[in-house]
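Asker: fold the following for me, if possible:
(chains A and B)
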There are 2 protein chains.
Amino acid sequence: MVSKVTVNSARRATRTLWLLMLVSLSVSICVCRASASAQEEDSAMENIVTEKKAEESHRQDSADLLIFIMLLTLTILTIWLFKHRRFRFLHETGLAMIYGLLVGVVLRYGIHVPRDMGNMTLSCHVNSSPATLLVNVHGKFYEYTLKGEIGANEVNDVQDNEMLRKVTFDPEVFFNILLPPIIFHAGYSLKRRHFFRNMGSILAFAFLGTVISCFVIGLLMYGCVMLMKQVGQLAGDFFFTDCLFFGAIVSATDPVTVLAIFNELQVDADLYALLFGESVLNDAVAVVLSSSIVAYQPQGDNSHTFEGMAMLKSFGIFLGVFSGSFALGVATGVVTALVTKFTKLRDFQLLETALFFLMSWSTFLLAEACGFTGVVAVLFCGITQAHYTFNNLSPESQDRTKQLFELLNFLAENFIFSYMGLTLFTFQSHVFNPMFIVGAFLAVFLGRAANIYPLSFLLNLGRRYKIRSNFQHMMMFAGLRGAMTFALSIRDTATYARQMMFSTTLLVVFFTVWICGGGTTQMLSCQRIRVGVDSDQDNSISIAEGSERRSTKQESAWLFRIWYNFDHNYLKPILTHSGPPLTATLPPCCGPLARFLTSPQAYENECQLKDDDSDLILTDGDINLSYGDITVSTDATGAHTSGGLAFAGTTTSDDLDRELMHGDHELVMRGTRLVLPMDDSEPPFTDPHQRLRM
Amino acid sequence: MVSKVTVNSARRATRTLWLLMLVSLSVSICVCRASASAQEEDSAMENIVTEKKAEESHRQDSADLLIFIMLLTLTILTIWLFKHRRFRFLHETGLAMIYGLLVGVVLRYGIHVPRDMGNMTLSCHVNSSPATLLVNVHGKFYEYTLKGEIGANEVNDVQDNEMLRKVTFDPEVFFNILLPPIIFHAGYSLKRRHFFRNMGSILAFAFLGTVISCFVIGLLMYGCVMLMKQVGQLAGDFFFTDCLFFGAIVSATDPVTVLAIFNELQVDADLYALLFGESVLNDAVAVVLSSSIVAYQPQGDNSHTFEGMAMLKSFGIFLGVFSGSFALGVATGVVTALVTKFTKLRDFQLLETALFFLMSWSTFLLAEACGFTGVVAVLFCGITQAHYTFNNLSPESQDRTKQLFELLNFLAENFIFSYMGLTLFTFQSHVFNPMFIVGAFLAVFLGRAANIYPLSFLLNLGRRYKIRSNFQHMMMFAGLRGAMTFALSIRDTATYARQMMFSTTLLVVFFTVWICGGGTTQMLSCQRIRVGVDSDQDNSISIAEGSERRSTKQESAWLFRIWYNFDHNYLKPILTHSGPPLTATLPPCCGPLARFLTSPQAYENECQLKDDDSDLILTDGDINLSYGDITVSTDATGAHTSGGLAFAGTTTSDDLDRELMHGDHELVMRGTRLVLPMDDSEPPFTDPHQRLRM
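Answerer: Next up is the predicted model:
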């Protein structure tokens, strides 16, 4: 009886807390408004106007930020409720957008602040636009810093909507503060085993696919814009480069919503790897692509004609920036690995974690300072850190760094999505053009189709284990647009074309996150994609498709094999404590260097045959490998119990036994040198250890 | 042989890495300079000047930030070496300052950037200083935002030293970004058992002591300033309020260096609690005090005369701001506790940690938005979170939050200290006045003495177990000035007086951190203060002082007892899952409310006699309590083994046995209601569980 009472009371308390949060949100909005309106009342009678103003402005900023914090808090509480009740149709990012929208509506229409005369704009006619401006007011000097150029037609807007402008962040905040942790986390939490196995396909989708998508969308949009010009729907300039730019920014997919559900339902790990890998890398491609398109500037008078040289230059920029960012990211990752390997920093976890964090952050700054793209550098830094440095860290630091970036990623992501919702109403210069919007949705759809289907067809020619049609449909469906698309589109909203793009992009993001994200479970069951697959066990299943074994593990095998050999024999021993000693793998002439670089642990490992294969699986959880102490039969039953949600329902114990006959025969270690058997008929060898913790 | 080779190679590798880091630091400085000088070369020929400029400015910012990241990285590596070799004379903060100094020297004297003509300042004469300024340049509009007022004599400086100004942060960064995590961490990691036991003394030192110190220093400095005026050494205005302001900012002690060593050497926990508690609270007092002094503005023409009303108003502001901030901090802590109690958020650690982080941050923003002091609110929020919310969190979140704020604290602290070093050379308007400096050092010394000795004397009249003279000397010696003093002094450097204060404050900080911080171990041994004391075991030791038992545990017993009763019987059950059920402690008339608020766990706890006494000790490590399964004898040997570094050397096993007879007889729980025995002769009861993990 007591427990019943308390359950009820807990429920009531939850409801109370809900109300409390809502109240606090509205209070914070009011505080925000109040401090805005208080600004001019006392400013007239005070002498030290500037100081007062700075203080008021600070209070205003705090209040504005508070709105977002409250939004995030509300999102967290609601998403907890959803998770608690197992609602899967709305991801936290989608929810954050909805709350953002609501607050945006309130800010836009709910509150009227009297026009702030204190901010009246003065135009003084000077000859240049210096970065710093000194203004002489009755002998007192005030310092002003340049914020940017604004269009002549917006001059009045600046005054009118000071209130809404206050809750508008500098777009660069997204690129310099919010995106880096998201992208780093993506790299750091990559399931590298499946990523490397599908490397060829992922690279194809990410590079070729993004470029295809960009150009298809660009061309379609150009057609749409031409049509709009004919009809007279276009009120400003819209060039082909603008269309291409639009293509580039909406080509960055962000299936975070889909992947969260994949993770929860344990969908096939190769499909997961394909989608995740593609989305991680195509963000990088899209960033560099869009900046290359912006850099396309023909020499002549008409700056929007086709010119070979400028095109080539753009292409050069693309290659240069991408490879430069890549190299920088990898380089700092390698330096961190070396530092953590050769110092005994692991005795002091705090120092270790701090170093890791600082080095990762410095990648971003270094890339930006050198004129490369920080976001791209951070991605490859994350992958390198996960692949090498992670192994040198103490277990505590491994946990700490994972958790730290997980938290940062979570906060940044939800912040961006709630800001997205907010900005639909608070952004000042939306240009919603129905024709352009319809065209854009069509183009985005076709662009994605032109990316997935032809590439899958081509890849399937080379892949031993095909990307099946239901996987293709799922990938098509999972082409959500998210944080990166938003950040790219809000970065520059100066021209009419860019404003139209931004508004349309917002709608594309809303639609894909809510509709495609929300329909993931339906789509999975509709496409009969197996769920409840243990990600370490699914190497060669899918008997549902009849005789075609769809395992992708041997796919792009040559690329994988070359890379794995090099990585295992040279990079791992140099950068971590694991792998065979360099003295064994390097040619004898490099003896002293090899001895210098090999850590004592490596010699110990030598005889133990203890491979760090584990780190290829590591982000999956905390799977520690040990060899040969678990029997195959345990394995089979294990796979059974985890398959509770399987849609296809065809996995019988016979099938599993058959699979296990083939086994997971890559990454087999014999002594020091790697032997990678190419033959399918190899007896099961390393498989047994895979389901140690389930 | 192999291991010897590798040890040597590791050593060589370490040296190589060192060089690498130094090289990378200098590279980053060069990049920083290069991008500064590249700024004007291509800006002339480009059309889109503004965009280019914004980009260059961004690159410059990245490079500048990179310098600090590299500095921190270098600090971390060096401090690891120091810890590795057990050097205790230099704390990481002191080291960070040294590195900052070196880089400051390089930036100031090492590199000459040609004068940047692109930033040439234009003075246009207008009638007011609006927050936003539009500048019309040949029909194009550029937007400028107000940065602040600058003195007429600095107008030329602004142009000259653009380079050094670049590495200068907005002082508000310290207050709004760097200080909050430091202060929150201080509150969150307070050793609450010892804090509450010494609450009376700590409050006296923090409030009364800081005010005494502020006024003593203010008066002495006013004398010094008068003298300087006589001698003709003063080049500008320096009012009594300025002197008081100086007194307030240098009264905030920050013995982080000393406490780190205390922690490492396990110095007496009460001394630790006194110092730590004082420094945490006097930061808060100093912030509010300084803002109250700034708010002192008499009505008349002469704004620097004494006026009763203005004085009263300042006092009112002090009380209002302090209690407002306190209330806000506690309120958000309580809300977080309630949310974590009544939702099952603990099933999703990421959401839980994120909520905790956001709520703690919102405290700061809320306080700032309401016009209170965010830093003070954050402190009390931290204490509340540690005391209540922490108990509702899942174990993973407990670790995560602790580690997160530990990391943030570490990074922020070292950043501030390295910036301090840097700013000694890069700050533009230093005013070093030898007389003022000597006066300030003397005043700081006397102010601290006037705080510690008289207050200790008065407190000793009331304390049953006295603050001995060697403790007093140690507290006197540990009056280091740190992050808060720096942040307060750099906040406003507009006037001549403030500049002189800032320069002097820097020197005070340098001196105290290096000399007092570095001499802590010497001072400890010189004052014969026992080290190697287990913090949970030291309730009644100090036999070295003869018959006077100096245990402070019964000190301010009435305050502690009232608070503990209230907290245990009402607050704990309401805000956490622990403590007795409210149905038992509240009067019967509140029955429904009591049932509503009591969690099911409380009923279970009722019969188990499982008190959450543990949370009063928790920040010590991860001490988990279990009752009666460890014998007293284990305890005694435990205390022995940990006393390896004892200076006094008088702790014999006989003494320990005698102590254990008295035992730790506070917080003894019997059933639900609290019984707090006042008698010293109580047999040992709860002691055995205390040294479970050593």
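
Asker: how about the helices in the stretch 401-550 of chain A?
Answerer: Taking DSSP state H, counting those that start in this stretch to define them, one finds helices in the stretch 401-550 of chain A at A:434-462, A:469-477, A:483-490, A:496-511, A:517-518, A:520-526.

Asker: looking at those, which one is packed in the most?
Answerer: helix A:483-490 (a mean of 26; mean count of other C-beta atoms under 10 Å in any protein chain shown). Just so you know, the C-beta spots here come from the backbone N, C-alpha and C atoms, and that holds for glycine as well.

Asker: that one close to chain B?
Answerer: No. Under the criterion of C-beta under 8 Å from any C-beta of the partner chain, chain B is not reached by helix A:483-490; the shortest gap measures 14.6 Å.

Asker: chain B versus the residue lying closest to A:Leu178 once chain neighbours are set aside, what's the distance?
Answerer: Closest residue to A:Leu178 apart from its sequence neighbours, by C-beta to C-beta, 6 or more residues apart in numbering or on different chains: A:Ala412 at 4.3 Å. For A:Ala412, the distance to chain B (C-beta to the nearest C-beta, to the nearest Å) stands at 11 Å.

Asker: adding distance to B:Leu524 and mean pLDDT, write the helices of the stretch 401-550 of chain A out as CSV.
Answerer: Listed next are the helices of the stretch 401-550 of chain A as CSV, based on distance: least, C-beta to C-beta, whole Å; pLDDT from 0 to 100:
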stretch, distance to B:Leu524, mean pLDDT
helix A:434-462, 68, 92
helix A:469-477, 66, 91
helix A:483-490, 53, 91
helix A:496-511, 61, 92
helix A:517-518, 60, 86
helix A:520-526, 62, 87
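
Asker: turn those into TSV, including distance to B:Val285.
Answerer: Output for those, formatted as TSV (distance: least, C-beta to C-beta, whole Å):
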stretch	distance to B:Val285
helix A:434-462	58
helix A:469-477	60
helix A:483-490	43
helix A:496-511	48
helix A:517-518	51
helix A:520-526	55
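
Asker: to B:Gly532, which of those helices lies closest?
Answerer: With C-beta to C-beta, the closest approach to B:Gly532 among the helices of the stretch 401-550 of chain A belongs to helix A:483-490: 52.3 Å.

Asker: contacting residues around that closest one?
Answerer: Residues outside helix A:483-490 that contact it (C-beta atoms under 8 Å, 6 or more residues apart in numbering or on different chains) are A:171, A:174-175, A:178-179, A:182, A:248-250, A:252, A:254, A:256, A:283, A:286-287, A:290, A:412-413, A:416-417, A:420, A:423, A:498, A:501-502, A:505-506, A:508-509.

Asker: just the buried residues of those residues.
Answerer: Those of the contacts of helix A:483-490 that meet the buried threshold are A:171, A:174-175, A:178-179, A:182, A:248-250, A:252, A:254, A:256, A:283, A:286-287, A:290, A:412-413, A:416-417, A:420, A:423, A:498, A:501-502, A:505-506, A:508-509, by 16 or more other C-beta atoms under 10 Å in any protein chain shown.

Asker: among the contacts of helix A:483-490, which are in strands?
Answerer: Among the contacts of helix A:483-490, no member falls in strands (criterion: DSSP state E).

Asker: quick one: A:Ile574 from chain B, how far?
Answerer: Relative to chain B, and taking C-beta to the nearest C-beta, A:Ile574 is found at 11 Å.

Asker: who are the contact partners of A:Phe357?
Answerer: Neighbouring residues of A:Phe357 by C-beta under 8 Å, 6+ apart: A:Thr401, A:Leu404, B:Leu407, B:Leu411.

Asker: dump these to TSV, plus neighbour count and distance to B:Lys341.
Answerer: TSV is the format used below for those (neighbours: other C-beta atoms under 10 Å in any protein chain shown; distance: C-beta to C-beta, whole Å):
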residue	neighbour count	distance to B:Lys341
A:Thr401	23	30
A:Leu404	23	26
B:Leu407	20	27
B:Leu411	22	31
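
Asker: give me every residue in the stretch 401-550 of chain A lying close to chain B.
Answerer: A:Gln403, A:Leu404, A:Glu406, A:Leu407, A:Phe410, A:Leu411.

Asker: the same query, at a cut-off of 10 Å, please.
Answerer: By C-beta under 10 Å from any C-beta of the partner chain, the residues of the stretch 401-550 of chain A that approach chain B are A:Thr401, A:Gln403, A:Leu404, A:Glu406, A:Leu407, A:Leu408, A:Asn409, A:Phe410, A:Leu411, A:Asn414, A:Asp492, A:Ala494.

Asker: which of these sit farthest apart?
Answerer: For these, and using C-beta to C-beta, no pair is farther apart than A:Gln403 and A:Ala494, which are 39.9 Å apart.

Asker: before we move on, back to that, can I assume the residue nearest to A:Leu178 is in contact with A:His185?
Answerer: Yes. A:Ala412 is within contact range of A:His185, at 8.6 Å (criterion: C-beta atoms under 10 Å).

Asker: please enumerate the strands of chain A.
Answerer: Assigned by DSSP E, the strands in chain A fall at A:123-126, A:132-137, A:140-150.

Asker: worst mean pLDDT among the ones you listed?
Answerer: When the strands of chain A are ranked by mean pLDDT, strand A:123-126 comes last with a mean of 57.

Asker: sounds good, over and out.
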